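Participant: please find the sequence and the predicted model below.
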Amino acid sequence: MSGHDALRIDLDRLLGRLDALAQVGAIEGGGVCRLALTDADRAGRDLVTGWMRDLGLRVSIDAIGNVVGLRPGRREGAPVMTGSHIDTVRTGGRYDGNLGVMAGLEVVRTLNDAGIETDFPLAVAVFTNEEGARFAPDMMGSLVYVGGLPLAEALATVGIDGATVGDELARIGYAGDAPCGSPAVRAPAVRAYVELHVEQGPVLEAEGVTIGAVEGVQGISWTEYTIRGVSNHAGTTPMRMRHDAGFAAGAIAAEVRRIAAEMGGDQVGTVGALTLEPNLINVVPHTAVLTVDLRNTDEEALREAERRLAAFVAALAESEGVGIVARRLARFEPVAFDPAMVAKVEALAQRQGRSVRRMPSGAGHDAQMLARICPAGMIFVPSAGGVSHNVREFTATEDIRAGADLLLHLLLDLANG
Ligand code: HGY
Ligand code: MN
Ligand code: MN
C-alpha cells in the first residue's frame, strides 16, 4: 500500500459531481444524451475542464480534442494516467465513462486536501468520442492518442448525420494545439493507465462481487451494409418479381442472431441501426442501410463469425437480386491487459477487503488503446441488472465508493513507483 492506507475518497463529493455532469444533456428517465462533439458534449467538456482547473490541474487539449489534466509530481516525466470518456450514446446512462473521469478528479481532490505529492505526475484524461455512436470507430480519441489512427483520417470521418469530426471539433472549440500521437509522431509518454468503469453487464451483480479485475477487452467488428433493391408497389408486385432491400435487411438481422446462437460461447451480434427508403407502408423499399456489431473474446471465433455472415450476404444478394456493399466501421482484435496490472487490481481489492473476480470486458474502452503504449488495466464495479446504454443504468453508491477508493490507492501505488 502507499503509506496512506487510511486515505479515502469523499463519496458525497464524487456523487455530487456525477449528478452535476448528468444534468448536461439530461434526458427523460435520468439518463444522458451527449453524442460526441455535439453542443451537449461541449457543455460537458466545459464543465469538466473547469473542475480540472479548479483542482489546479494543467489542462491540455490535443488536436483530436482529448483533454488531459496534469498534476505535477516531485519528478518530471511520464504521468500515471486515469480517466475515460464523457461522450455518451443517445440513450446513455450517467455512469458509462463519466464515473471514470469523475473518480479521477475525486482522487486529485483527495490528494490535494491531504497535501500529498506523488513521485511521478498524475493525469486525468477525457478521451474524445469513445462511444463511436455518431462517428465510427469507437475509442477514436484514444486510438489517435496512441498513434493507432492518423489524425487527418480521424478528422475527415463523416458521422451518421453527415458532419465531419474536424468541422464539429472546431465548431465546439475543442480542436486543441497539443500534439497527439500518430504513426509518424511518437505517442505521448504515459507511465501506466488505470480506468474505473461500470461493468455494463450482469456478471458482478449475479455473483455478488464488488470489484472486477479486468483481464482484457473482447474483439469488436463493426460493419455498415448498404442494400440497393428496386422500389415497387406493395400490392401489385408479385413476390417473384421483387428486389426488396427491406427484406434483405431483415434477413441479415435474423442471420446475425442465428450465427451468434450457432457459435455460442462469447459470440454476440447486434443490428443496432437500420433505415429504409422510402420507408412507406405501401412501397417495397429500394434501399436499406444497417449496421452489424459482432464481438467475441476469441479472435479466431470472431473471424469465423465474420466469414459466415459474409457468405450469407453474398448468397442473399444473389437470391434477392439486390446490390449489397459492406463498409467496415471498426475492427479491433481482443486486447489482454498487463498481467501485473491485473494482479495489482486484484491484490489491492483483496487488501481493501473487497470481493473481486477477474473477468473480460464485453464493452470497448479507452484502456484497450492505452494498452498499446503502457501497462494498462481496468477496475469494474457492478451494473444494476447488467443494464447499460440505457437511461436506467445504475451503480450502487457503496460500489462506487469501493471502486473509487481502489482507484485512489492504485494510482498512489503506481505514482510512487
Ligand atoms: O461499443 C462499445 O463497446 C463502447 O460503448 N464504445
Ligand atoms: Mn464507456
Ligand atoms: Mn458506452
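Facilitator: Received the coordinates, thanks. Numbering: from 1, shown residues only. Ligands and ions are numbered 1, 2, ... in the order given.
Participant: what about the residue of the stretch 1-150 of the chain found nearest ligand 1, neighbour count?
Facilitator: Closest to ligand 1 within the stretch 1-150 of the chain is Asp138: 3.7 Å, counting by CB to the nearest ligand atom. C-betas here are computed from N, CA, C, even on glycine. Neighbourhood size, Asp138 [other CB atoms under 10 Å]: 27.
Participant: distance check, the residue nearest to it when sequence neighbours are not counted against Met140.
Facilitator: Setting aside the residues directly before and after it, Asp138 is nearest to Gly132 in space (CB to CB, 6 or more residues apart in numbering), at 2.8 Å. Using CB to CB, to the nearest Å, Gly132 is found at 6 Å from Met140.
Participant: which of those two has more neighbours?
Facilitator: The neighbour comparison of Gly132 against Met140 (other CB under 10 Å) goes to Met140, with 31 against 22.
Participant: am I right that the more buried one is in contact with Gly159?
Facilitator: No. With contacts counted by CB atoms under 8 Å, Met140 stays clear of Gly159, the gap being 10.7 Å.
Participant: please enumerate the shared neighbours of the two.
Facilitator: Val165 (CB atoms under 8 Å, 6 or more residues apart in numbering).
Participant: mind checking the SS state of Asp113?
Facilitator: Three-state call for Asp113 (DSSP: H, G, I helix; E, B strand; the rest coil): helix.
Participant: what count of nearby residues applies to it?
Facilitator: Neighbourhood size, Asp113 [other CB under 10 Å]: 11.
Participant: and for Asp46?
Facilitator: 14.
Participant: equivalent analysis for Ser142, please.
Facilitator: Neighbour tally, Ser142, other CB under 10 Å: 33.
Participant: how far away is it from ligand 2?
Facilitator: 11 Å (CB to the ion, to the nearest Å).
Participant: what about that residue, which SS state?
Facilitator: helix.
Participant: that one: what's it in contact with?
Facilitator: Contacts for Ser142 (CB under 8 Å, 6+ apart) come out as 66, 127, 130, 366, 369-370.
Participant: would a markdown table of those with pLDDT be doable?
Facilitator: Formatted as a markdown table, the contacts of Ser142 follow (pLDDT from 0 to 100):
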| residue | pLDDT |
| --- | --- |
| Asn66 | 97 |
| Phe127 | 98 |
| Glu130 | 98 |
| Asp366 | 98 |
| Met369 | 98 |
| Leu370 | 97 |
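Participant: near ligand 1, which of those residues show up?
Facilitator: By CB under 6 Å from any ligand atom, the members of the contacts of Ser142 lying near ligand 1 are Glu130.
Participant: between the contacts of Ser142, which sits nearest Ala170?
Facilitator: In terms of CB to CB, no member of these lies closer to Ala170 than Asn66, at 15.2 Å.
Participant: quick check: that closest one vs Val124, distance?
Facilitator: In terms of CB to CB, Asn66 sits 11 Å off from Val124.
Participant: out of the two, which sits in the busier spot?
Facilitator: In terms of neighbours (other CB under 10 Å), Val124 is the more surrounded of Asn66 and Val124; the figures are 30 against 27.
Participant: what's the nearest residue to the more buried one if we skip its chain neighbours?
Facilitator: Nearest to Val124 is Gly104, by CB to CB, 6+ apart, at 3.7 Å.
Participant: report all helices and strands that the helix or strand where that neighbour lies contacts.
Facilitator: Assigned by DSSP states H and E, Gly104 falls within helix 98-114. For helix 98-114, the packing partners by 3 or more CB pairs under 8 Å, 6 or more residues apart in numbering; DSSP states H and E come out as helix 11-22, helix 39-54, strand 67-71, strand 80-84, strand 122-126, strand 192-198, helix 397-415.
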